[in-house]
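[1] please find the sequence and the predicted model below.
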Amino acid sequence: VDRLSQLAATSRGRSWWHIAAHSEPGTGRLIFEDENGGAHLVPLSALSTSCTDPPLGALVLACEGEQAGRAILAGGASFAIVSSGSLRDLTARRFASHFYRRLLAAWPSELPQSAAAAAVASEGIAVRKAFDVARQALLGSPCPGTRSEAANLALLERCMLSPCEEPVRSLSAPWVPVALSTRGAAGSRLVADADEAAGSPQLMPKEEPTPPQLPSQSSSDEFRAGKLEDCEDFVGRGAELHRLLQLLGTPGGRRVVVLNGPAGSGKSALGAELCRFATAPGRRFSPVDGKRRLSYLSLRDSWDSGRGADAAVACTRLAMLAAADGLTSPGPRACLIVDHAEPELGWCDEFVQELLDRHQRLCLFLVRRTPLYRLEGEGGDRWKPLNMALGALPDAEVAQLFLQRLHRPLFPADFERQRSGDSRGAQPLRQDDLMRRRLACLPVVAACAGRPKAVVRLASQ
C-alpha cells in the first residue's frame, strides 16, 4: 500500500491502482502475498489512509471486495471497481483486459487545463464508459459462471459515500502484516502483490496513450528448460510451497535442497507447480528485466536406455550446465530444479560442486525418491543438502482431488456396499464437507494412502 502511494505521488498524471487479492470472509479485509507466498492481512484502515496524491481509482479484483473499495474511496480516490460476490481468476483477467483497453481508448487526449471540474467530468465519463463496455463483454460470455460473476461487478464513486465515510485523512492504525498459513481450500491461490501494481497503466493526460502490457496468464514458457510434469488439478501442498520458497534463494541459506518421497507421492507435480508459483510476478524467482531466474530439467525425459552409464552421465552433465548457464545473472539468486535426480538416470553428486562453483548465485532443488544426506566427492564437505520429505495428502485434499478428477457425479448408490439397482433418476449428491468426509472413508479411497497418483488413477477408472 505504501509503494502504491509512492508511485501515485511520483507519476506525472493521474494514477490507477490495480489490486488482485483474496478477501477475508466476513471482514472484507484484503489478503496480500509476499515473495515467498506468505499471506498478510491488510486492515481497511490502511486502504483508507490517504496519500499526498490519491489515485483516480482502483480495480479491486477480490471476492466480496466492496468494503475494500469503499475504504479506498474514503482515502481520496474517485472510483473503485469491486465485486460483491465470488470472482474467479479467469473472469478477473478478462475484465481487466477489456476495462484497461477501453479506458485508454476512451481517455480524452486533451483535458481542459482551465477548469478542474471539466477535467474531472471528462475522466469520469471515460471510466464509466470503460466499465460498462467491459462488464457487457463478460455478460455476453457463453460461460454461465462468467455471466454470473460479471453481474456482481459494480462501479463505486466517491460521490456515493455517506457523510460518515468521507475521507478522514488520518495516519492512525498503521498496517501491521499478520502472517497466515497458505494452506486453504483445495485449488485456491493467493495471487496478489503490490509489485504487480507497478505494471498498472499510468494515465497521462498530455500524451497519446499506449495499450497496457497486461501480465500473461502463465509464465511457464519463460523458464522451462525441460518438459514439466502434467499437474492438472493440483490440490493442496500450500504449506510445502511456502516452505520451499523460504528455503530456496534466501541470502546466506542452503544452496542444495532435496525433496524426497516414495513413487506416486506427487513430487514431480509439486516441482512443476513450484515453477509456475515461484515465477509469478512479485514472487521469489520472478523474471528480472526479462531474464529467467528459474529453470526445470527432468532427467527422465532425457534418459535413453540404449546409452551406456558413462554416456548417460555425460549427457546429464551437459544438460545441467546448459540449463544453469541460461540463468546467470549478477542480481538475486537463481534456481535450477532437477527432477528425477536418480543415479540410474545419470545423476552424479559431483555435478553439485561444478555447478555451484561455476555459478555463485545458483541454488539447486533436487527431486528424488530417497534422501541425500551427504554429497559424494570433493564437494561433500562444502555443501550440506537440506532434505524435505513429502508426506501423504490429508484426507480432505484426497477427497477434493478425487472429485476434481472424477468424470461423473456421485449418487447415494456409490456409497452403498451392495449397489441396489440402477441410479438413473436419483439426484446427484452435493459436493460439501460431509460428502468429502464420507468419500475419504471409502476403502478404495483410503487404500490410496494419500498418494496423488493413485487417487488420480482411481478416479479415472
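    Yep, it's here.
[2] any chance you could map the strands in the chain?
    16-20, 22-23, 30-33, 39-42, 57-61, 79-83, 153-157, 179-180, 256-260, 294-298, 334-339, 362-368, 386-389 (DSSP state E).
[3] got the domain boundaries for this structure?
    2-199, 220-389, 395-460 (automatic domain parsing).
[4] that older thread, winner for burial among the strands of the chain?
    Of those, the one with the most neighbours on average (mean count of other C-beta atoms under 10 Å) is strand 57-61, at a mean of 27. (C-beta placed from N, C-alpha, C; glycine too.)
[5] output the contacting helices and strands for that strand.
    strand 16-20, helix 66-74, strand 79-83, helix 89-106 (3 or more C-beta pairs under 8 Å, 6 or more residues apart in numbering; DSSP states H and E).
[6] make a markdown table out of the ones you listed and add distance to residue 403.
    Converted to a markdown table, the helices and strands packed on strand 57-61 look like this (distance: least, C-beta to C-beta, whole Å):
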| stretch | distance to residue 403 |
| --- | --- |
| strand 16-20 | 27 |
| helix 66-74 | 31 |
| strand 79-83 | 26 |
| helix 89-106 | 20 |
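[7] any chance of these in JSON lines, plus distance to residue 292 and mean pLDDT?
    Listed next are these as JSON lines, based on distance: least, C-beta to C-beta, whole Å; pLDDT from 0 to 100:
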{"stretch": "strand 16-20", "distance to residue 292": "23", "mean pLDDT": "87"}
{"stretch": "helix 66-74", "distance to residue 292": "34", "mean pLDDT": "86"}
{"stretch": "strand 79-83", "distance to residue 292": "34", "mean pLDDT": "91"}
{"stretch": "helix 89-106", "distance to residue 292": "23", "mean pLDDT": "88"}
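[8] just give me the longest helix of the chain.
    In the chain, taking DSSP state H as the definition, the longest helix is helix 116-139.
[9] taking strand 16-20 as reference, get the angle to that one.
    On the basis of axes from the mean of the first three to the mean of the last three C-alpha atoms, to 10 degrees, helix 116-139 is oriented at 30 degrees to strand 16-20.
[10] quick check: buried residues in helix 116-139?
    Residues of helix 116-139 classed as buried: 119, 122-124, 126-127, 130-131, 133-135, 137-138 (neighbour count, 16 or more other C-beta atoms under 10 Å).
[11] pick the one among those residues closest to residue 366.
    Closest to residue 366 out of the buried residues of helix 116-139 is residue 138 (44.0 Å), distances taken as C-beta to C-beta.
[12] give the contact list for that closest one.
    91, 94, 95, 98, 146, 147, 149, 150, 153 (C-beta atoms under 8 Å, 6 or more residues apart in numbering).
[13] distance of it from residue 82?
    Going from residue 138 to residue 82 by C-beta to C-beta, to the nearest Å gives 15 Å.
[14] ok, residue 14 next?
    19 Å.
[15] in the buried residues of helix 116-139, find the pair that's most separated.
    119 and 138 (29.6 Å).
[16] so where's the stretch 351-461 of the chain shaky on pLDDT?
    377-380, 417-425 (pLDDT under 70).
[17] turn the contacts of residue 138 into a markdown table, columns for distance to residue 365.
    Compiled in a markdown table, the contacts of residue 138 are given as follows (distance: C-beta to C-beta, whole Å):
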| residue | distance to residue 365 |
| --- | --- |
| 91 | 33 |
| 94 | 34 |
| 95 | 36 |
| 98 | 38 |
| 146 | 37 |
| 147 | 42 |
| 149 | 36 |
| 150 | 40 |
| 153 | 40 |
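[18] looking at the residues you listed, spot the one nearest residue 43.
    For the contacts of residue 138, the nearest to residue 43 is residue 153 (24.2 Å; C-beta to C-beta).
[19] I'd say the closest one and residue 95 touch.
    Yes - Residue 153 is in contact with residue 95 according to C-beta atoms under 8 Å; the separation is 6.7 Å.
[20] shared neighbours, these two?
    Common neighbours of residue 153 and residue 95, counting by C-beta under 8 Å, 6+ apart, are 135, 138.
[21] quick revisit: I'd like the buried residues of helix 116-139 as JSON lines, with pLDDT and distance to residue 393 appended.
    Converted to JSON lines, the buried residues of helix 116-139 look like this (pLDDT from 0 to 100; distance: C-beta to C-beta, whole Å):
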{"residue": "119", "pLDDT": "56", "distance to residue 393": "56"}
{"residue": "122", "pLDDT": "75", "distance to residue 393": "55"}
{"residue": "123", "pLDDT": "80", "distance to residue 393": "50"}
{"residue": "124", "pLDDT": "83", "distance to residue 393": "51"}
{"residue": "126", "pLDDT": "86", "distance to residue 393": "49"}
{"residue": "127", "pLDDT": "90", "distance to residue 393": "45"}
{"residue": "130", "pLDDT": "91", "distance to residue 393": "44"}
{"residue": "131", "pLDDT": "92", "distance to residue 393": "42"}
{"residue": "133", "pLDDT": "91", "distance to residue 393": "44"}
{"residue": "134", "pLDDT": "91", "distance to residue 393": "39"}
{"residue": "135", "pLDDT": "92", "distance to residue 393": "39"}
{"residue": "137", "pLDDT": "90", "distance to residue 393": "39"}
{"residue": "138", "pLDDT": "91", "distance to residue 393": "35"}
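[22] so can I have TSV of those showing distance to residue 233?
    Shown next, in TSV, are those (distance: C-beta to C-beta, whole Å):
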residue	distance to residue 233
119	50
122	47
123	44
124	44
126	41
127	38
130	35
131	34
133	34
134	30
135	30
137	28
138	25
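[23] tell me which of those is nearest to residue 433?
    residue 138 (30.7 Å).
[24] any idea how far residue 146 is from that closest one?
    6 Å.
[25] and if you look at residue 457?
    Relative to residue 146, residue 457 is positioned 32 Å away (C-beta to C-beta).
[26] more crowded one of the two?
    Ranked by neighbour count (other C-beta atoms under 10 Å), residue 457 and residue 146 place residue 146 first, with 19 against 13.
[27] which ones are touching the more buried one?
    Taking C-beta under 8 Å, 6+ apart, we find residue 146 in contact with 90, 91, 94, 138.
[28] one step back: could you check the angle strand 57-61 makes with the longest helix of the chain?
    Going by the same axes, to 10 degrees, helix 116-139 makes 20 degrees with strand 57-61.
[29] residues contacting residue 251?
    Counted by C-beta under 8 Å, 6+ apart, residue 251 has contacts residue 333.
[30] for residue 404, which of the helices and strands packed on strand 57-61 is the nearest?
    Closest among these, using C-beta to C-beta: helix 89-106, at 16.1 Å.
[31] may I see the buried residues of that closest one?
    Buried-residue list, helix 89-106, by 16+ other C-beta under 10 Å: 91-96, 98-104, 106.
[32] ok so, going back, which two among the contacts of residue 146 are spaced furthest apart?
    Largest pairwise distance in those, by C-beta to C-beta, is 10.5 Å, between 90 and 138.
[33] tally of neighbours for the residue nearest to residue 453 when sequence neighbours are not counted?
    Using C-beta to C-beta, 6 or more residues apart in numbering and skipping the chain neighbours, the partner closest in space to residue 453 is residue 264 (3.7 Å). Using other C-beta under 10 Å, residue 264 has 16 neighbouring residues.
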